[in-house]
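[1] Got a predicted structure plus its sequence, pasted below:
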Amino acid sequence: MATRPVALATEWPVERAQSTALDWPIWASVVGVTSAIIGGHWDISWHRSIGRDDFWTPPHIAIYLCGVLAGLACAWLILSTTFNKALTAAQDTVQVWKFRGPLGAFVIAWGGVAMLTSAPFDDWWHNAYGLDTKILSPPHVLLILGLLGVQMGTLMLILGQMNRSEGLKRKTLERLFLYMGGMILCLLMVMVLEYSSQVLHHSAMFYRVMMLAAPAAVIGVAHAAKHRWGATIVTGIYTVLLLGLIWILPLFPAAPKLGPVYVNVTQFIPPYFPVLLIAPALVIDWLRGPAEQHAMPMWKRSLLFGTIFLGALVLVQWPFANFLMSDGAKNAIFGSHYFPYAAPPTSYQRRFVFFPFEKTAQEFWTGMAIAWISAVIMVRLGLGWGNWMRRIVR
């Protein structure tokens, strides 16, 4: 009877010290990731509204602030853990070379270095080749990988505490975890931004890309969090963020500095209206509970959730795309009337005409079959990733 209180008395100070040491690096990383995601969308809007400008633009500062904040916070966490004997001896840290700390801190530190390394690379790239025509240029790929590293490391930092916590502490960490899942989804959707225009919403290519980008992140985070409406929250965060950008960015003036100028832009051009990923997320959340209670095999869940993800998205996005192409969406709420300055009048977007990506019905249905297979595979990967995250304790 006397041994348990003694053990607790020696463990509590270490656990309390670890919790205190982790709190502010987690919050610094969350703030940094939020700044980078907003800054990334702002930067794309800057390029679509103004063109290539000085490197030290506000969006760039917002993006690279993430690398500075998260990197410095986790460097401090690693060093303080390494030189604190009580924390170094704890079982919920890992050793890399001669340094010790939470696994997530090392991943974040690497991500921060990659993000900051991409900054001069991106500046040189623009000076050498001009304005990017694609999102995934080499410096942007390095930047995205670095930001993804910061996001994944932050998830690990949160999970290390969340999976060891109960009560109010776990609920707070669970909310942060789901929020970071939403930020990861936002980043993935930026990577496929070129396929998000409503002119592609009646093509199989659009659904193929969406099934590759969204299901693994949405299902994985929701499965790891064990929250009843986890997938809905993750997709809801993405939806709210983009709606906010659509409604706020055009309030600020902007004018093109590069040519050719086909559109008389006078304000910042916002991103496209968010893809309705929240619809399949709602249905999947409704079915996830019964699936877990009845211990449905993973392959059956993958087939079920993958089919729902694609089917529900088609059911809502297809008719909604018709609306986005109509006069009813040419307003500040839906933003279909905003065009970048370089969009020629002959473009499908300005003519409000769907782009015929697939030339035949057979090509279309082959593409949709590939989209369904992709959805099932990505859901299975998401479930496996979620199971792995459930076991993280350091």
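    Everything's here; your move. Numbers count the residues shown, from 1 in each chain.
[2] Neighbours of residue 118, how many?
    Close neighbours of residue 118, defined as other CB atoms under 10 Å, add up to 24. To be clear about C-beta, it is placed using only N, CA and C from the backbone, and glycine gets the same treatment.
[3] for it, what are its contacts?
    The contact partners of residue 118, by CB atoms under 8 Å, 6 or more residues apart in numbering, come to 139, 140, 142, 143, 146.
[4] List buried residues within these.
    A residue is treated as buried here by neighbour count (16 or more other CB atoms under 10 Å); on that basis the buried members of the contacts of residue 118 are 139, 140, 142, 143, 146.
[5] got those as JSON lines, with distance to residue 211 columns?
    Conversion of the buried ones among the contacts of residue 118 to JSON lines gives the following (distance: CB to CB, whole Å):
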{"residue": "139", "distance to residue 211": "28"}
{"residue": "140", "distance to residue 211": "23"}
{"residue": "142", "distance to residue 211": "26"}
{"residue": "143", "distance to residue 211": "25"}
{"residue": "146", "distance to residue 211": "26"}
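[6] ok, so of the residues you listed, who is nearest residue 170?
    residue 146 (29.4 Å; CB to CB).
[7] host element of that closest one?
    Using DSSP states H and E, the secondary-structure element containing residue 146 is helix 138-162.
[8] quick one: buried residues of that helix?
    Across helix 138-162, burial judged by 16+ other CB under 10 Å covers 139-140, 142-144, 146-162.
[9] Now stretch 113-120: buried residues?
    Neighbour count says stretch 113-120 has 114, 115, 116, 118, 119 buried, by 16+ other CB under 10 Å.
[10] Quick check: the second one vs residue 138, distance?
    I take that to be residue 115. Going from residue 115 to residue 138 by CB to CB, to the nearest Å gives 14 Å.
[11] got it, and the last one?
    From residue 119 across to residue 138, the span is 13 Å (CB to CB).
[12] What of residue 288?
    Looking at residue 288 against residue 138, where the rule is CB to CB, the gap reads 39 Å.
[13] Kindly report the same for residue 324.
    In this structure, residue 324 and residue 138 are separated by 33 Å, where distance is defined by CB to CB.
[14] got the residue ranges for the strands in the stretch 1-150 of the chain?
    In chain order, the stretch 1-150 of the chain shows strands spanning 94-96, 99-101, with DSSP state E, counting those that start in this stretch as the criterion.
[15] Read off the pLDDT value for residue 11.
    For residue 11, the pLDDT comes out at 40.
[16] Let me fix that, I meant to ask about residue 334.
    Confidence for residue 334, expressed as pLDDT, is 96.
[17] looking at this, it is in a helix?
    No. Using DSSP: H, G, I helix; E, B strand; the rest coil, the secondary structure at residue 334 is coil, not a helix.
[18] in the sheet, who's paired with residue 96?
    When bridges are called by DSSP bridges, residue 96 pairs up with residue 99.
[19] Based on its surroundings, how many neighbours for it?
    Burial of residue 96 is recorded as 14 neighbouring residues (other CB under 10 Å).
[20] Next, find the distance separating the residue most central in space within the chain from residue 275.
    Centroid check for the chain by CA atoms, centre = their mean gives residue 184 as the closest residue, at 2.0 Å. As for residue 184, its distance to residue 275 is 15 Å (criterion: CB to CB).
[21] Check residue 37 too.
    Separation of residue 37 from residue 275 (CB to CB) stands at 16 Å.
[22] which residues does residue 387 contact?
    The contact partners of residue 387, taken as CB under 8 Å, 6+ apart, are 223, 224.
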